[in-house]
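Chemist: turn this into a model:
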Amino acid sequence: MKHGKRYLASVKNVDPKNAYTIDEALELLKGLPNAKFDESVELAMHLGVDPKKPEQAVRGTISLPKGIGRTQRVVVFAEGEAAAKAKAAGAEDAAGQELIDRIQGGWLDFDVAIATPAMMRLVGRLGRVLGPKGLMPSPKSGTVTDDVEAAVREFRAGKLEYRTDAGGNIHAPVGKKSFAPEDLKANIEALIERIRQVKPASTKGRYILGVAISTTMGPGIRLAVS
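Modeler: Numbering: from 1, shown residues only. Just a heads-up that it's a prediction; the model follows:
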């Protein structure tokens, strides 16, 4: 992969062999050249879990203390009064078969998908489309619920779903580059602490194997996390 001049200039400031404290990493991150937009800051964690074992899957939701700096786009699989409430709460779209057909047609311009329990028998058909993108509604993540109105408000406001991928990694936004360092630090610490709290009982050895932060256009900066 060929990188641009801006990325290459950024890399020179970061030692890939070094693990920095959160304060040091944020100072480096803030010193990177700015893009033409307010970049997101993402946290990546590599966990010592076996992704093939369901009991070692790490998945849940969290509302970060300082938010993530953007309103998330939410769709809801619901019908009747539930769909009306979801739209009133700010959902991009809320419908039953019509929404399913729209997504099967290739539309995926949303960040979170919520469903009522009654709709899951139909939503299950979208598993091959939504599953690989981490968008499949799940009771564990709070995205299968009868209270769609509250769920829409929470996720639009920045409530995040985190989950391990096939490699045992978690990726989640923790704010914007324009955030104050102390706000980014608060979000980073909150997410790391939550992942510690939900450690699967069956894991062996080291649990958190690596942590890094990066901006949308910048290099990864390793964190020293015990």
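Chemist: I'd say G67 and K159 touch.
Modeler: No: using Cβ atoms under 8 Å, G67 is not in contact with K159; the gap is 9.6 Å. For the C-beta atoms, the positions are set from N, CA and C on the backbone; glycine is no exception.
Chemist: tell me which of these two has more neighbours.
Modeler: K159 (21 against 17; other Cβ atoms under 10 Å).
Chemist: just the pLDDT for the more buried one.
Modeler: We have a pLDDT of 92 for K159.
Chemist: nearest residue to it other than its sequence neighbours?
Modeler: With Cβ to Cβ, 6 or more residues apart in numbering as the criterion, K159 has its nearest non-adjacent residue at 4.7 Å, and that residue is S63.
Chemist: what's the neighbour count on that neighbour?
Modeler: Other residues within reach of S63, judged by other Cβ under 10 Å, total 13.
Chemist: go on, G220?
Modeler: There are 17 residues near G220, going by other Cβ under 10 Å.
Chemist: for the most centrally placed residue in the chain, pull up the helix or strand it's in.
Modeler: Nearest residue to the geometric centre of the chain (Cα atoms, centre = their mean): A172, 3.5 Å. Here A172 sits within strand 169-176, counting by DSSP states H and E.
Chemist: any figure for the gap between the residue of the chain positioned farthest from its centre and A95?
Modeler: Here the centre of the chain is the reference, and by Cα atoms, centre = their mean the most remote residue is G80, at 29.7 Å. Counting by Cβ to Cβ, to the nearest Å, the gap between G80 and A95 amounts to 10 Å.
Chemist: do I have it right that the residue nearest to K159 meets A157?
Modeler: Yes: counting by Cβ under 8 Å, S63 does reach A157; the two are 7.5 Å apart.
Chemist: count of neighbours near R70?
Modeler: Count around R70 with other Cβ under 10 Å applied: 14.
Chemist: I appreciate the help and will end here.
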